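Asks: coords below, sequence missing:
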């Protein structure tokens, strides 16, 4: 892990860009974080394209820092400036075509779109976690927050260092992930936009049902994919404060 | 409205029992409430039997008082010490029989169980509201919180003084209420227990979908009818603080 830039934001949060091999990422730590007072960590998931998402990611990072958490994100495979992979590009085009034609989105398209992404992204998150937890100012426990929900689900299954997750049910989910969902046992808060144009409500509710966690909460709100109300940011903060503090 | 008893709880909340005609009820006001500083009001819904529910109702009242709200409840028609009505008793017995036999609960049973209750209870809540709002220490706005969800739904439609509601989706809902739900426009927080033994999850989700409110949020948690997590009490408090303060 190599830090490539560093700036102190006005609320004292330290924002550091890094690269980890070919993967670009950003780490935000609250002013209080130090080797003698390491802070818990939240991994910030997103749909890819961290530059485009930067202002929203910074807002989430500041919010978490105010609650005493460090946050970090990395660019997704195929996202932002990272090399595209042709199969996923083709699947994304097929998905858009189906949505625009008002056709049902086939399982086959969803599999082609999401499964390779999960396969590539999850080990990258784990490597990133290794590097972050080696920093003296970062302690545990660790949470995951955001989309892509299939990535969060796989991480919750394979990565024992993740203790709690806020998952955004805002993307299509391959059938195979429902089996994995049953093996998730950590506390979950699942956010659902009731009229999400890039999602299937029934599938999201079925996935919530499938999660094996004894403590899981669903928060559904009106509006489309990007309309998550501001108060859900506060709810996520309280969820992590309960489970990571 | 005639007050029949009065006691000051240890946190300064004033608990007063009253009768309004034949209807018994209780009013809780925070220590701060006065004629020169009237407080907003939350009507506490419940499934009937206020004596049995007393400790839970007091807990909700104290929580609301800490947020600056007065609360009040009345016994349901046919509940507690109030005269039973035979038709509802028969419907309740039929419901229990169907549930115990693992049979689907027919719309006809649900109609017989719930509709007469709604017809009787809603005007009583409105009369109670008249009396409560005439007290100098009670101002507006007014919220409704709790079950029976069909009563809360009807109140939200017919009673313009109710500005926001937390509805507990923990009872069967007559088909006709889905039409009424479309006419609800106030902000809603709907609580659902995912494995509620006295409810139908699909029906609850359909009802949430049917509400006409632009701002509505669903919180679903694991567990049965009585297992609502404590943090949902805090969530309800924040919801009312947003909408009634």
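Replies: Okay, I see it. What you see is a predicted model, and the numbers here were worked out from it, not measured in a lab.

Asks: secondary structure class for residue A:196?
Replies: coil (DSSP: H, G, I helix; E, B strand; the rest coil).

Asks: thought it was touching residue A:226?
Replies: No. No contact is recorded between residue A:196 and residue A:226 when judged using CB atoms under 8 Å, the distance being 9.2 Å. Where C-beta positions appear, they are placed from N, C-alpha and C, glycine not excepted.

Asks: neighbour count: these two, which is higher?
Replies: More crowded of residue A:196 and residue A:226, by other CB atoms under 10 Å in any protein chain shown: residue A:196, with 20 against 11.

Asks: out of everything not next to it in sequence, what's closest to the more buried one?
Replies: Spatially, and ignoring its direct neighbours in sequence, residue A:196 is nearest to residue A:225 (4.8 Å; CB to CB, 6 or more residues apart in numbering or on different chains).

Asks: so what's residue A:216 scoring on pLDDT?
Replies: In this model, residue A:216 is scored at 98, pLDDT.

Asks: in the lengthiest strand in chain A, what's buried?
Replies: For chain A, the strand reaching the highest residue count under DSSP state E is reported as strand A:138-146. By neighbour count on 16 or more other CB atoms under 10 Å in any protein chain shown, the buried set for strand A:138-146 is A:138-139, A:141-146.

Asks: one more: stretch A:235-245?
Replies: When neighbours are counted by 16+ other CB under 10 Å, the buried residues of stretch A:235-245 are found to be A:235-237, A:239-240, A:243-244.

Asks: what's the answer for stretch A:196-209, then?
Replies: Applying 16+ other CB under 10 Å to stretch A:196-209 flags A:196, A:198-201, A:203-205, A:207-209 as buried.

Asks: farthest pair in these?
Replies: Pairwise distances across the buried residues of stretch A:196-209 peak at 20.8 Å for A:198 and A:209 (criterion: CB to CB).

Asks: can you name the residues bridging to residue A:26?
Replies: According to DSSP bridges, residue A:17, residue A:73 are recorded as the beta-bridge partners of residue A:26.

Asks: tell me the pLDDT of it.
Replies: 98.

Asks: dump the residue contacts of it.
Replies: Residues in contact with residue A:26, defined by CB atoms under 8 Å, 6 or more residues apart in numbering or on different chains, are A:15-18, A:50, A:57, A:61, A:72-73.

Asks: again, only this time at 10 Å
Replies: Residue A:26 makes contact with A:4-5, A:15-18, A:44, A:50, A:54, A:57-58, A:61, A:71-75, according to CB atoms under 10 Å, 6 or more residues apart in numbering or on different chains.

Asks: weed out the non-buried ones from those residues.
Replies: A residue is treated as buried here by neighbour count (16+ other CB under 10 Å); on that basis the buried members of the contacts of residue A:26 are A:15-16, A:18, A:44, A:50, A:57-58, A:61, A:71-75.

Asks: now those in a markdown table, with pLDDT?
Replies: Conversion of these to a markdown table gives the following (pLDDT from 0 to 100):
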| residue | pLDDT |
| --- | --- |
| A:15 | 98 |
| A:16 | 98 |
| A:18 | 98 |
| A:44 | 98 |
| A:50 | 92 |
| A:57 | 96 |
| A:58 | 97 |
| A:61 | 97 |
| A:71 | 98 |
| A:72 | 98 |
| A:73 | 98 |
| A:74 | 98 |
| A:75 | 97 |
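
Asks: tell me which residue is most central in chain A.
Replies: Averaging the C-alpha coordinates of chain A gives a centre point, and the residue nearest to it by CA atoms, centre = their mean is residue A:45 (1.9 Å).

Asks: just give the nearest non-adjacent residue to that one, would you?
Replies: For residue A:45, the spatially nearest residue (CB to CB, 6+ apart) is residue A:146, at 3.2 Å.

Asks: for that neighbour, list each beta-bridge partner.
Replies: Using DSSP bridges, the beta-bridge partners of residue A:146 come out as residue A:167.

Asks: how near is it to chain B?
Replies: Using CB to the nearest CB, to the nearest Å, residue A:146 is found at 19 Å from chain B.

Asks: and what of residue A:231?
Replies: In this structure, residue A:231 lies at 7 Å from chain B, with CB to the nearest CB as the measure.

Asks: that residue touches residue B:187, doesn't it?
Replies: No. The pair residue A:231 / residue B:187 is not scored as a contact, 11.3 Å apart, by CB atoms under 10 Å.

Asks: those two: who's more crowded?
Replies: The residue with more neighbours, out of residue A:231 and residue B:187, is residue B:187; 20 against 15, by other CB under 10 Å.

Asks: got the residues of chain A near chain B?
Replies: Of all the residues in chain A, those in contact range of chain B (CB under 10 Å from any CB of the partner chain) are A:188-190, A:192, A:194-195, A:201-202, A:205, A:208-209, A:211, A:213-223, A:229, A:231-232, A:234-235, A:238-239, A:242.

Asks: swap in 6 Å and give it another go.
Replies: Proximity of chain A to chain B (CB under 6 Å from any CB of the partner chain) is limited to residues A:216-222.

Asks: moving C-terminal of the helix or strand bottoming out on mean pLDDT in chain A, what's the next helix or strand?
Replies: Sorting the helices and strands of chain A by mean pLDDT, DSSP states H and E puts helix A:86-100 at the bottom, at a mean of 90. Using DSSP states H and E, the helix or strand that follows helix A:86-100 towards the C-terminus is helix A:107-133.

Asks: what's the angle between that next one and strand A:138-146?
Replies: Using axes from the mean of the first three to the mean of the last three CA atoms, to 10 degrees, the inter-axis angle of helix A:107-133 relative to strand A:138-146 is 160 degrees.

Asks: low-scoring stretches of chain A, by residue?
Replies: Screening chain A residue by residue with the criterion pLDDT under 70, one finds no matching range.

Asks: dihedrals phi and psi, the most far-flung residue of it relative to its centre?
Replies: The outermost residue of chain A, judged by C-alpha distance from the chain's mean C-alpha position using CA atoms, centre = their mean, is residue A:101 at 29.1 Å. Its backbone dihedrals place residue A:101 at phi -80, psi 0, with angles given as degrees, to the nearest 10.

Asks: with residue A:4 instead?
Replies: Backbone torsions for residue A:4, taken as degrees, to the nearest 10, come to phi -110, psi -20.

Asks: wait, it sits on residue A:20?
Replies: No. Between residue A:4 and residue A:20 there is no contact under CB atoms under 6 Å: 10.8 Å.

Asks: report the buried residues of the helix or strand containing residue A:179.
Replies: Mapping residue A:179 onto the secondary structure by DSSP H and E places it in helix A:175-182. When neighbours are counted by 16+ other CB under 10 Å, the buried residues of helix A:175-182 are found to be A:177-178, A:180-181.

Asks: tell me the angle of the helix or strand following it relative to helix A:175-182?
Replies: Sequence-wise, the next helix or strand downstream of helix A:175-182 (DSSP H and E) is strand A:188-193. For strand A:188-193 and helix A:175-182, the angle between their directions (the same axes, to 10 degrees) works out to 140 degrees.

Asks: what residues does strand A:188-193 touch?
Replies: When contacts are defined by CB atoms under 6 Å, 6 or more residues apart in numbering or on different chains, strand A:188-193 is touched by residues A:165-169, A:204, A:208, A:211, A:213, A:216-220, A:223, A:225, A:227, A:232, A:239.

Asks: which ones among the residues you listed map onto helices?
Replies: When the contacts of strand A:188-193 are checked against helices using DSSP state H, the ones located there are A:204, A:208, A:232, A:239.
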